[in-house]
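Undergrad: no FASTA, just this:
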């Protein structure tokens, strides 16, 4: 019997969430893959993780939000002000996507690309 891949686990998480949270997580995943077709999908801490040269962001499901946490977000430029959570931490930043939120797709993709550039600058 083969082990379940990270991508399959993410598919399963989306399916089990249902509703707007499933739609939002699927949309975020699609945007990440559009921003970086070479992204690696991983499954860590019981959550989706996207990596390229290091972790880009995680995708966490909560009752009222889908949160994408950027572990090195504090050093990323955010000219569009997309980060709206974990703003006081010294290292990370996050985005809480709530039901009905409009996603700034270009701004989100720019953050993904900035995180990848940061990962490769070490």
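TA: Great, that's in hand. Everything numeric here is computed off the predicted structure, so don't read it as measured data.

Undergrad: how close does residue 85 sit to residue 120?
TA: 25 Å (CB to CB, to the nearest Å). Using the backbone N, CA and C atoms, a C-beta is placed for each residue, glycine as well.

Undergrad: And the two? Which one has more around it.
TA: Between residue 85 and residue 120, residue 85 has the larger neighbour count (other CB atoms under 10 Å), namely 16 against 10.

Undergrad: what sits against the residue lying closest to the more buried one once chain neighbours are set aside?
TA: The spatially closest residue to residue 85, leaving aside those adjacent along the chain, is residue 94, at 4.0 Å (CB to CB, 6 or more residues apart in numbering). Contact analysis of residue 94 by CB atoms under 8 Å, 6 or more residues apart in numbering lists 67-70, 73, 83-86.

Undergrad: Turn those into JSON lines, including pLDDT.
TA: Below are the contacts of residue 94 laid out as JSON lines (pLDDT from 0 to 100):
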{"residue": "67", "pLDDT": "97"}
{"residue": "68", "pLDDT": "97"}
{"residue": "69", "pLDDT": "96"}
{"residue": "70", "pLDDT": "96"}
{"residue": "73", "pLDDT": "93"}
{"residue": "83", "pLDDT": "95"}
{"residue": "84", "pLDDT": "93"}
{"residue": "85", "pLDDT": "91"}
{"residue": "86", "pLDDT": "89"}
